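Participant: Following is a predicted model, sequence given first.
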Amino acid sequence: MKIGSRGSPLALAQTHAVRRALALAHGLREDAIAIETIRTTGDRIVDRSLADAGGKGLFTKELDAALLAGQIDCAVHSAKDLPSVLPEGLKIAGYQSREDARDAFISAKAKRFADLPSGATLGSASPRRQAMALRLRPDLNVVLLRGNVETRLRKVESGEIDATLLAIAGLKRLGMQDRTTELLSVDAFLPAVGQGAVAITVRAEDHATRVALGSILHAATGYAVSAERAFLAALDGSCRTPIAGLASVDDERVDFRGIVLRMDGSQHWEIADSGSLDDAERIGDRAGRALLARLPSELFSA
């Protein structure tokens, strides 16, 4: 088997974890499973937002092409980077067990997000995080911050920016969780759809690879992220619109909460829904459609 991965330290850490799990599940040596590193358009563009450059697919399209061409057998992604609709011929085989989905606040200037001084500069590449921050603190100077995790942390340490927000899951996978200043509650900062989950994509007709991956996939994470992705798809969400959604699974129940915000954080619209595991995707879709009916018509055309 050959696994495709982006070349960032976080992407490779996630892919190596998938390879270790596969090797253990099938009694193989890790080096019997190859990793193919593929540089994506999203990795090359660091001077502007993803929305301005073309959207979420910039982190996946080269991996998608390699998968469709048979150069790799599966691809490992941060679930939050996957577009709501995959190219024809590809599907999500499933997800590994989800890490903590919360956002981490990192700053050398304040011990808590609430303690940042008025006018402080907070850098983020995420419209969701930017809007969430401005919703609570409209007095902050929120700026675009691209680059990998290490680059963003260096800019905080050097004083180029006063603070940033990152997924705690990524920090944990890189062994950098000690750089966290404060863990933000999901009540205040609802995560991105799929945040904390690692997704594995395959060719839709490749039954053998899907069977091989089956033993390392986590069913509860699959139900939760399916609800979240259905919510995003119903809204036809993109990188340009601040959208967040999180589902939790408890026994046979799925509880979902979603939110859409204006970019400047001045308005937001929330929704919650719940139901049985078997209805996970329908719950997300229903919530998305219900929220869409309440949103101003210009919100997604801006």
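Facilitator: All right, it came through fine.

Participant: low-confidence ranges in the stretch 51-200 of the chain?
Facilitator: Counting by pLDDT under 70, the stretch 51-200 of the chain contains low-confidence ranges at 51-58.

Participant: ranges for the helices of it?
Facilitator: Along the stretch 51-200 of the chain, the segments classed as helices by DSSP state H, counting those that start in this stretch run 61-68, 127-136, 149-157, 168-173.

Participant: Could you list every helix and strand that the third one packs against?
Facilitator: This means helix 149-157. helix 9-26, strand 103-107, strand 121-124, strand 163-167 (3 or more C-beta pairs under 8 Å, 6 or more residues apart in numbering; DSSP states H and E). C-beta coordinates here come from the backbone N, C-alpha and C atoms, glycine included.

Participant: Kindly report the same for the second one.
Facilitator: Applying 3+ C-beta pairs under 8 Å, 6+ apart, one finds that helix 127-136 contacts strand 121-124, strand 141-144, strand 243-250, strand 253-261.

Participant: rerun at 6 Å
Facilitator: strand 141-144 (3 or more C-beta pairs under 6 Å, 6 or more residues apart in numbering; DSSP states H and E).

Participant: Give me the contacts around the strand it packs on.
Facilitator: Where contact means C-beta atoms under 6 Å, 6 or more residues apart in numbering, the residues beyond strand 141-144 that reach it are 49, 119, 121, 122, 123, 130, 133, 134.

Participant: Tell me which of the helices of the stretch 51-200 of the chain sits nearest to residue 262.
Facilitator: For the helices of the stretch 51-200 of the chain, the distance to residue 262 is smallest for helix 127-136, at 6.7 Å, taking C-beta to C-beta.

Participant: ok, residues contacting that closest one?
Facilitator: By C-beta under 6 Å, 6+ apart, helix 127-136 touches 122, 124, 142, 165, 189, 192, 242, 244, 261, 263-265, 268.

Participant: 8 Å instead?
Facilitator: Under the criterion C-beta atoms under 8 Å, 6 or more residues apart in numbering, residues 49, 51, 103, 113-114, 122, 124, 140, 142, 165, 188-190, 192, 239-244, 261-266, 268 lie in contact with helix 127-136.

Participant: same check, this time on stretch 84-99
Facilitator: Outside stretch 84-99, the residues that touch it by C-beta under 8 Å, 6+ apart are 17-18, 21, 64, 67-68, 74, 79, 82, 168-169, 172-173, 196-205, 209-210, 213-214, 216-218, 220-222, 224-225, 229, 232-233, 236-237.

Participant: please redo it, this time with the cut-off set to 6 Å
Facilitator: Residues outside stretch 84-99 that contact it (C-beta under 6 Å, 6+ apart): 64, 68, 169, 172, 196-202, 204, 210, 213, 217-218, 221-222, 225, 232-233.

Participant: Out of the residues you listed, name the ones that lie in strands.
Facilitator: The members of the contacts of stretch 84-99 that map onto strands under DSSP state E are 198, 199, 200, 201, 202.

Participant: Which among the contacts of stretch 84-99 count as buried?
Facilitator: With burial judged by 16 or more other C-beta atoms under 10 Å, the buried subset of these is 64, 169, 172, 196-202, 210, 213, 217-218, 221-222, 225, 232-233.

Participant: quick one on the thing from earlier: pipe the ones in strands among the contacts of stretch 84-99 into CSV and attach distance to residue 107 per row.
Facilitator: Converted to CSV, the ones in strands among the contacts of stretch 84-99 look like this (distance: C-beta to C-beta, whole Å):
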residue, distance to residue 107
198, 27
199, 30
200, 34
201, 35
202, 40
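
Participant: Out of the residues you listed, which is nearest to residue 282?
Facilitator: Of all the ones in strands among the contacts of stretch 84-99, residue 199 has the smallest distance to residue 282: 20.3 Å, by C-beta to C-beta.

Participant: Could you break the chain into its assigned domains?
Facilitator: Listed domain ranges for the chain are 1-96+197-217, 103-183, 219-302 (source: automatic domain parsing).

Participant: circling back: please pick the buried ones from the contacts of helix 127-136.
Facilitator: Among those, those buried by neighbour count (16+ other C-beta under 10 Å) are 49, 103, 113, 122, 124, 140, 142, 165, 189-190, 192, 239-244, 261-263, 265.

Participant: Having no further points to raise, I will conclude here.
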